[in-house]
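> below are the sequence and a predicted model for it; my questions follow.
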Amino acid sequence: MLPLGTRERSGMAASATGLPLTSVVLAVRNEEEHIGRILDQIFKQDYPSHLLEVIIVDGQSDDRTAEIGSSYSYSGKKPILLRLTERGRSQGLNRGILAAKGDVIVRIDARTSISSDYVSRCVETLARTGADNVGGVQRPLARSHRQEAIGIAMSHPFGVGNAQFRLGKKSGFVDSVYLGCFRREIFNKVGLFDERAAVISEDSDINQRIREAGGKVYLNKDIVAYYYPRERFLDFWKLYFRYGGARAGNLLKHRKLTSWRQAVPPVFLATVALSPVLALIDGRFLYLAVATPAVYVVANLSVSVALAAKEKKPWLAPLASCAFACMHFGWALGFWRRLLVPEKAGRYWGN
């Protein structure tokens, strides 16, 4: 691991080992199933334990999440438990950052699963690249066929376009990363996570602000964070409906999208919805009304069948096809709803 150096050189205070004090922040709500597991993984990191601080911010859980967090102990070390008086992922992240003592802030979600060198790899990459935020590749875990199909769809270009943190094909500077390992000083420069926006993709927003301020966001494909996708298609559709609304919130705030892939689903849905109406005015639009959904169905089925053949799992084809449809239509509907229907501010929990 490369040393981070002194504050004058890197902006981060270094210990005698050359490593900075690092704070891990978990903003959680109703995660009793996962909180114990992820705390075990964090406290078993190979990063020096005396340089690792763990902060849990509970967003008014109505299960045993806070109880498990407050009673947790590993080799005499305990996490710090903070309780929000209101719900909201951005509020939870900000409360944790403000309470943190570290010069490096590592965000981890309760449903994530990480290896024992996750923190050390993140900190090393932060030092080596000079980036302000680094992250790794998001990889799915599965307990069922349906969950596996959903995870595969979320890692395929047909589902996510060129989102590098989901594809994991190459390391380099990118527009956004999963979770994030931040230099603390960057929050002084660009501000904390946005609590005012009604519905927003908080990670995309902070990364966009970092880049617009001249900072850098780096993806290390050798760092992997595993996660458990939704297990039911209805829940998956609702998730992508929220994702689409959150991306529209970013568009309303910044007045631009950060990638071509974000425009494809809403443009596709608008074409499907409006072309039959336009065909009543001009018959030539009838071809578009027929061709657009037909091309989509063929493309969806072709990709799904190819995936099933590649994985040698025949059951994957129909399940992947349903997963892709949930992603595309859920995201597009959520996007248009957010643009057209006003939202109340400040109470968004994104998962």
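Nice, I can see it. Numbering: from 1, shown residues only.
> ok, which stretches of the chain are helices?
Listed from the start of the chain, the chain has helices (DSSP state H) covering 7-10, 35-43, 65-71, 89-99, 118-129, 145-153, 157-160, 164-167, 185-190, 202-212, 233-254, 264-281, 285-311, 316-340.
> nearest to residue 51, out of these?
helix 118-129 (9.4 Å; C-beta to C-beta). (C-beta placed from N, C-alpha, C; glycine too.)
> which positions in the closest one come out as buried?
Residues of helix 118-129 classed as buried by neighbour count (16 or more other C-beta atoms under 10 Å): 118-127, 129.
> of all those residues, which comes closest to residue 189?
Using C-beta to C-beta, the buried residues of helix 118-129 come closest to residue 189 at residue 126, 15.3 Å.
> re the thing from before, want to throw the helices of the chain into TSV with mean pLDDT and distance to residue 79?
TSV is the format used below for the helices of the chain (pLDDT from 0 to 100; distance: least, C-beta to C-beta, whole Å):
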stretch	mean pLDDT	distance to residue 79
helix 7-10	38	26
helix 35-43	96	6
helix 65-71	94	6
helix 89-99	93	11
helix 118-129	96	14
helix 145-153	94	28
helix 157-160	87	32
helix 164-167	78	26
helix 185-190	94	21
helix 202-212	89	22
helix 233-254	87	27
helix 264-281	90	39
helix 285-311	94	39
helix 316-340	94	34
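> include distance to residue 220 when you put those into TSV, please.
Supplementary listing: the helices of the chain in TSV, determined by distance: least, C-beta to C-beta, whole Å:
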stretch	distance to residue 220
helix 7-10	18
helix 35-43	18
helix 65-71	29
helix 89-99	21
helix 118-129	5
helix 145-153	21
helix 157-160	18
helix 164-167	10
helix 185-190	17
helix 202-212	15
helix 233-254	24
helix 264-281	27
helix 285-311	26
helix 316-340	25
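> do you know which of those lies nearest residue 223?
For residue 223, the closest of the helices of the chain is helix 118-129, at 4.9 Å, according to C-beta to C-beta.
> and the closest residue in space to residue 155 that isn't next to it in sequence, what does it touch?
In space, residue 155 comes closest to residue 166 once its chain neighbours are excluded; the distance is 5.4 Å by C-beta to C-beta, 6 or more residues apart in numbering. Applying C-beta atoms under 8 Å, 6 or more residues apart in numbering to residue 166 gives the contacts 137-138, 154-155, 160, 178.
> let's see 7 Å
Neighbouring residues of residue 166 by C-beta atoms under 7 Å, 6 or more residues apart in numbering: 138, 154-155, 160.
> ok, now residue 105?
Residues near residue 105 by C-beta under 7 Å, 6+ apart: 23, 25, 97, 182, 184.
> same check on residue 167?
Counted by C-beta under 7 Å, 6+ apart, residue 167 has contacts 155, 157.
> for residue 340, see how far away it is.
31 Å (C-beta to C-beta, to the nearest Å).
> also residue 270?
12 Å.
> quick one, which of those two is more surrounded?
Taking neighbours as other C-beta atoms under 10 Å, residue 270 and residue 340 compare with residue 270 leading, 13 against 8.
> surely residue 189 and residue 213 touch.
Yes - counting by C-beta atoms under 7 Å, residue 213 is a contact partner of residue 189 at 5.7 Å.
> give me the angle between the longest strand seen in the chain and helix 145-153.
Longest strand in the chain, counting residues (DSSP state E): strand 217-227. Inter-element angle recorded for strand 217-227 and helix 145-153: 170 degrees (by axes from the mean of the first three to the mean of the last three C-alpha atoms, to 10 degrees).
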